[in-house]
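**Q** Next input, structure requested:
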Amino acid sequence: QVFPSQDPLDRADFNAVEYINALFPTEQSLANIDEVVNKIRLKIRRLDDNIRTVVRGQTNVGQDGRQALEEAQKAIQQLFGKIKDIKDKAEKSEQMVKEITRDIKQLDHAKRHLTTSITTLNHLHMLAGGVDSLEAMTRRRQYGEVANLLQGVVNVLEHFNKYMGIPQIRQLSERVKAAQNELGQQILADFEEAFPSQGTKRTGGPSNVLRDACLVANVLDPRIKQEIIKKFIKQHLSEYLVLFQENQDVAWLDKIDRRYAWIKRQLVDYEEKYGRMFPPEWCMTERIAVEFCHVTRAELSKIMRTRAKEIEVKLLLFAIQRTTNFEGLLAKRFSGCTLADGTVKKPEVPPPSTNPFLEDEPGAEADEIVMEKSDMDKPKKPKVPDNPFHGIVSKCFEPHLYVYIESQDKNLGELIDRFVADFKAQGPPKPNVDEGGAVLPSCADLFVYYKKCMVQCSQLSTGEPMIALSTIFQKYLREYAWKILSGNLPKTTSSSGGLTITSLLKEKEGSEVAKFTLEELCLICSILSTAEYCLATTQQLEEKLKEKVDASLMERINLTGEMDTFSIVISNSIQLLVQDLDAACDPALTAMSKMQWQNVEHVGDQSPYVTSVILHIKQNVPIIRDNLASTRKYFTQFCIKFANSFIPKFINHLFKCKPISMVGAEQLLLDTHSLKMVLLDLPSIGSQVVRKAPASYTKIVVKGMTRAEMILKVVMAPHEPPVVFVDNYIKLLADCSTDTFQKILDMKGLKRSEQSSMLDLFRLRLPAPPPGGDGSGSLSLSAPTPEQESSRIRKLEKLIKKRL
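**A** Model prediction:
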């Protein structure tokens, strides 16, 4: 592996006999034996030389290694000695530098201590002088000078925090605290004198002394500032509490405008008289407005609890509208910075998107209908910053919003009743094939009203009232689905595919017409389109409700049940269309099964029953397709369901055609191919624009109709010899069911004795079941028959409807 070689002598499985035979394959080659021997000896000699050279070269390796190791150890010892010398020299140098700089360090420490002492003495001088001046200015009420001086004294006093153990420093600190307390009490007394809390009217007013006193209060304990603000605002709003007492006529909701007009006048009056007295950073105008809001909310809550029976919807909405307008005005005028301050409690601010006017532009009702259809397709607008004052007053109306919810419940009930009455009075929509299936106008009206209610309620509250409103929405969505949509679907006269006994007795092919009229077909398509629009818009409504409601309540918004209801309406509408076309084709299939196929003498054009089926398809399908132009996927579902219903029924009637002659089977095969072509062209039949049928639909048609063709081909095959016939049947139909084979024999018109021997042979020729099977014989290998497939589909549809 290390030295790869091609020489045969180097191989691990070297064979001397084979090697010699390779060198001397014939007797004539033995003439060169001397030459070969010489070459091998030469090779042996070279190998011996190489081995000798290598062995000699290894004799001195150990000695050389030991010598190199000793030299390395000596070099390491020398290096260690040099490093130690350098370290000793460095320590000596460091010691020498310390001795040189010892005196310099002492001088530096002395300078630092001297500087600190001088600074501390200066601060002490400033502190002592400042305290004396502060006490004198306090007695003379020179607040302008006190404001600046007090701040300086406090700053200087901070430098002496670590010297509080010295009696003189502690004494100065106590004098500063005493001066601050005296200033606080003195300023409060001055404000009480200027703005008495008890008494008739304000006797004082703004002055330079009070303005300077506010500057001093900024430096004092924050409680002094809060006390000044609290007393001033309380005195400023005392008149409001008297004017709008609970027993006053102006206190009720119908005159709520007067409350907001009063505070507007007061704020203007404050700006003119006292605007310059308080520092701007106190935001006194905003504080007055916020305290007014809290007082108003408390007063309104109290009076509404007392007179709850007098609250009407219009009155409540009027009060809420005026209140929210006032809150919006506050948001434009103030920043809301005082809402987080300790003097005022911050109101509960709702989550984003509470103001519907940030998202919805006003417009005509027709514009709202169009907007509903494409609401979710538009890109969302950037969110405007929240109104910090939202709910600061209007929160008091939330416990009484049940009045609004009950009113909307009543209005929606009347709206649904009006829709029902209008539908009965106006009748079904006129067929208008050019425009496709029209959505019922009542649907758009309902969702426009829903949108209006949702926006209005989100403006009032984003909490429990929104949940109550969504519950009402769910209730009337279900009522609309059952009363307007399902309730107006045309009724079938029979549960067995729409056929009566009389229609089964008719045998005039091509004379049967669809059970539903053109108007009824258009009505079904219109209801289907409306249900699809309701389904999509209900999903959008759910998303909008979740945007409007509080984040903690989003999980309680769920309109899945209502969307399932509209899905059921769509499914029922499609089923009605399928049943109608299916019922129209039944007489033709019945006529096919009653024809004497053993008497057919020659193969001609397609049979009359095929023409009848094609006629009904051409009558119904274009109408349905044009009316479902806006919902192509449901038209595809209609085509698939019709194919799944018609093809098994056609095969069942095919089995009833017995006995069949060879010519009759050929005629039926021609008819089957014609129906197959028509079914493949079903989605675009009668249309100027030819579209390729969906692959899922084409697959169903090809599979089902090919089975019908295979049945007829088996019928056409001779039954002699029986083994060939049975094998041909198993190969063409791949159906191991004895029932199907029995039906084939009946179609061929064989006698019972012949059928019995054929069935025995069929059972013998069946392929063996796979190992580990359930022992059910040939039935385990059989493919599902059309009857079984149709039955399974019907069972599945019933199960889905039941679960929904």
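**Q** use CA for all of it now, contacts and neighbours both
**A** Will do.
**Q** tell me which element the nearest residue to E601 once chain neighbours are set aside falls in.
**A** Spatial nearest neighbour of E601, excluding adjacent residues (C-alpha to C-alpha, 6 or more residues apart in numbering): V663 at 6.4 Å. V663 is part of helix 662-680, with elements assigned from DSSP states H and E.
**Q** next one: G65
**A** Short version, using DSSP H and E: G65 is in helix 61-140.
**Q** S737 and F762: what is the separation?
**A** 10 Å (C-alpha to C-alpha, to the nearest Å).
**Q** residues in contact with stretch 711-730?
**A** Contact with stretch 711-730 is made by 660-662, 665-666, 668-669, 732-733, 736, 744-745, 747-748, 758, 761-762, 765-766, as judged by C-alpha atoms under 8 Å, 6 or more residues apart in numbering.
**Q** re earlier: helices or strands next to the helix holding V663 in the packing?
**A** Applying 3 or more C-alpha pairs under 8 Å, 6 or more residues apart in numbering; DSSP states H and E, one finds that helix 662-680 contacts helix 608-627, helix 695-716.
**Q** hey, which of these is tucked in deepest?
**A** helix 608-627 (a mean of 20; mean count of other C-alpha atoms under 10 Å).
**Q** what angle separates that one from helix 662-680?
**A** In terms of direction (axes from the mean of the first three to the mean of the last three C-alpha atoms, to 10 degrees), helix 608-627 departs from helix 662-680 by 0 degrees.
**Q** Could I have the CA atoms of helix 608-627 written out in PDB?
**A** Extracted C-alpha coordinates of helix 608-627, given in PDB (Å, rounded to 0.1, in the frame of the first residue of the first chain):
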ATOM      1  CA  PRO A 608     -82.700   9.500 -30.000                       C
ATOM      2  CA  TYR A 609     -82.100   9.100 -26.300                       C
ATOM      3  CA  VAL A 610     -78.500  10.400 -26.800                       C
ATOM      4  CA  THR A 611     -79.900  13.400 -28.700                       C
ATOM      5  CA  SER A 612     -82.400  14.000 -25.800                       C
ATOM      6  CA  VAL A 613     -79.500  13.900 -23.200                       C
ATOM      7  CA  ILE A 614     -77.400  16.300 -25.200                       C
ATOM      8  CA  LEU A 615     -80.400  18.600 -25.700                       C
ATOM      9  CA  HIS A 616     -81.000  18.900 -21.900                       C
ATOM     10  CA  ILE A 617     -77.300  19.500 -21.300                       C
ATOM     11  CA  LYS A 618     -77.200  22.200 -23.900                       C
ATOM     12  CA  GLN A 619     -80.300  23.800 -22.400                       C
ATOM     13  CA  ASN A 620     -79.100  23.800 -18.800                       C
ATOM     14  CA  VAL A 621     -75.300  24.000 -18.700                       C
ATOM     15  CA  PRO A 622     -74.800  27.300 -20.700                       C
ATOM     16  CA  ILE A 623     -77.400  29.000 -18.400                       C
ATOM     17  CA  ILE A 624     -75.600  27.700 -15.300                       C
ATOM     18  CA  ARG A 625     -72.200  28.600 -16.600                       C
ATOM     19  CA  ASP A 626     -73.100  32.100 -17.600                       C
ATOM     20  CA  ASN A 627     -74.800  32.800 -14.300                       C
END
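**Q** And the helix or strand following that helix, how far out from the chain middle?
**A** Later in the chain than helix 608-627, the nearest helix or strand by DSSP H and E is helix 632-655. Mean-position distance between helix 632-655 and its chain equals 37 Å (C-alpha atoms, centre = their mean, to the nearest Å).
**Q** swap in stretch 80-98?
**A** That offset, for stretch 80-98, works out to 75 Å (C-alpha atoms, centre = their mean).
**Q** pLDDT averaged over that stretch - what is it?
**A** Across stretch 80-98, the average pLDDT comes to 90.
**Q** quick one on the thing from earlier: mean pLDDT and distance to K264 added to the helices and strands packed on helix 662-680, as a markdown table?
**A** Formatted as a markdown table, the helices and strands packed on helix 662-680 follow (pLDDT from 0 to 100; distance: least, C-alpha to C-alpha, whole Å):
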| stretch | mean pLDDT | distance to K264 |
| --- | --- | --- |
| helix 608-627 | 90 | 60 |
| helix 695-716 | 90 | 71 |
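**Q** export these to a markdown table and tack on distance to L518?
**A** Compiled in a markdown table, the helices and strands packed on helix 662-680 are given as follows (distance: least, C-alpha to C-alpha, whole Å):
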| stretch | distance to L518 |
| --- | --- |
| helix 608-627 | 8 |
| helix 695-716 | 25 |
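**Q** Determine which of the ones you listed approaches T285 most closely.
**A** helix 608-627 (64.8 Å; C-alpha to C-alpha).
**Q** Could you look up the next helix or strand downstream of the helix or strand of the chain with the lowest mean pLDDT?
**A** Ranked by mean pLDDT, DSSP states H and E, the weakest helix or strand in the chain is helix 501-505, scoring a mean of 34. Next along the chain after helix 501-505, taking DSSP H and E as the criterion, comes helix 518-548.
**Q** orientation of the helix or strand following that next one relative to helix 608-627 in degrees?
**A** Using DSSP H and E, the next helix or strand after helix 518-548 towards the C-terminus is helix 560-594. Angle, helix 560-594 to helix 608-627, by the same axes, to 10 degrees: 160 degrees.
**Q** what packs against helix 560-594?
**A** helix 464-479, helix 501-505, helix 518-548, helix 608-627, helix 632-655.
**Q** for F160, what are its contacts?
**A** Here F160 is in contact with I169 (C-alpha under 8 Å, 6+ apart).
**Q** count of neighbours near the nearest residue to N387 once chain neighbours are set aside?
**A** Leaving aside its chain neighbours, N387 sits nearest to A331 (5.9 Å; criterion: C-alpha to C-alpha, 6+ apart). Around A331 there are 16 other residues, counting by other C-alpha atoms under 10 Å.
**Q** Find out how far whichever helix or strand A331 is part of is from the centre of the chain, if you would.
**A** A331 is located in helix 313-333, with elements delineated by DSSP H and E. Remark: helix 313-333 is offset 33 Å from the chain centroid, using C-alpha atoms, centre = their mean.
**Q** For L243, see how far away K452 is.
**A** 37 Å.
**Q** got the contact list for I685?
**A** Here I685 is in contact with K618, V621, P622, V678 (C-alpha under 8 Å, 6+ apart).
**Q** which two in those are spaced the farthest apart?
**A** P622 and V678 (13.3 Å).
**Q** Contacts only, for the residue nearest to E666 when sequence neighbours are not counted.
**A** In space, and not counting its chain neighbours, E666 is closest to V603: 6.8 Å by C-alpha to C-alpha, 6+ apart. Neighbouring residues of V603 by C-alpha under 8 Å, 6+ apart: V663, G664, E666, Q667.
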